[in-house]
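> attaching a predicted model along with its sequence, questions to come.
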Amino acid sequence: MVFFFAALDPHVLPASAAPDKLKPTDPYALIFGTVWGPDNRPVYGITVRIRRVSDKKPKWEVYSDHSGEFAQRVPAGKADYVVGADLKHVKTTDGQVLHLAEEVPVHVEYDERVDIGLHLTK
């Protein structure tokens with residue numbers, strides 16, 4: 001049984017199989033945001049996707065909390081990201097489909113916090 005857990009430890013796996021995650025001691029930047037609905041109120045439970053500009057697929061996926069807020073650690077250093085939302089099957093209480101007004105570009109220089117807002121429209 002001990003061997004089974006040790007085999008799942010990412011430090012034991014070859015580098016190519018280990019997940020690309022930040023270690024707790026690694027420096028990081030923080031992308032922090034709020035998802036706003038068409039009525040300018042925060043929206044809970046929206047899937048937020050973050051990717052590097054050079055990537056086609058998102059690398060991180062987080063969800064907005066009850067205050068409409070989300071946060072994701074990204075590696076510290078100069079980089080550009082795009083933040084968007086997956087709104088499949090998301091509708092207003094009266095059944096209208098929601099859309100993302102636009103994806104938000106984020107530029108990170110150092111180990112800093114960048115605050116953004118994602119705005120949804122009908």
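Yep, that arrived.
> now the helices for the chain?
2-8 (DSSP state H).
> lowest average confidence, helix or strand, in it?
Between all helices and strands in the chain, the lowest mean by mean pLDDT, DSSP states H and E belongs to helix 2-8, at a mean of 42.
> before we move on, what's the pLDDT of Lys23?
The predicted local confidence for Lys23 comes out at a pLDDT of 86.
> so where's the protein uncertain?
1-20 (pLDDT under 70).
> now the strands: where do they sit in it?
Along the chain, the segments classed as strands by DSSP state E run 28-36, 47-52, 60-63, 69-75, 79-86, 99-100, 104-108, 113-121.
> I'd like these written out as a markdown table, with mean neighbour count and distance to Leu22 added.
The C-beta positions use only the backbone N, C-alpha and C, and glycine is treated the same way. What follows is the strands of the chain, written out as a markdown table (neighbours: other Cβ atoms under 10 Å; distance: least, Cβ to Cβ, whole Å):
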| stretch | mean neighbour count | distance to Leu22 |
| --- | --- | --- |
| strand 28-36 | 19 | 5 |
| strand 47-52 | 19 | 13 |
| strand 60-63 | 14 | 11 |
| strand 69-75 | 17 | 6 |
| strand 79-86 | 18 | 13 |
| strand 99-100 | 16 | 27 |
| strand 104-108 | 16 | 13 |
| strand 113-121 | 15 | 15 |
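> among those, which comes closest to Lys21?
The stretch from the strands of the chain with the least distance to Lys21 (Cβ to Cβ) is strand 69-75; that distance is 9.2 Å.
> gap between the residue nearest to Val74 when sequence neighbours are not counted and Pro75?
Setting aside the residues directly before and after it, Val74 is nearest to Ala29 in space (Cβ to Cβ, 6 or more residues apart in numbering), at 5.2 Å. Distance, Ala29 to Pro75, by Cβ to Cβ, to the nearest Å: 7 Å.
> and Val82, by the same measure?
According to Cβ to Cβ, Val82 stands 16 Å off from Pro75.
> got it, and Pro38?
Counting by Cβ to Cβ, the separation of Pro38 from Pro75 is 34 Å.
> equivalent analysis for Leu118, please.
Counting by Cβ to Cβ, the gap from Leu118 to Pro75 is 22 Å.
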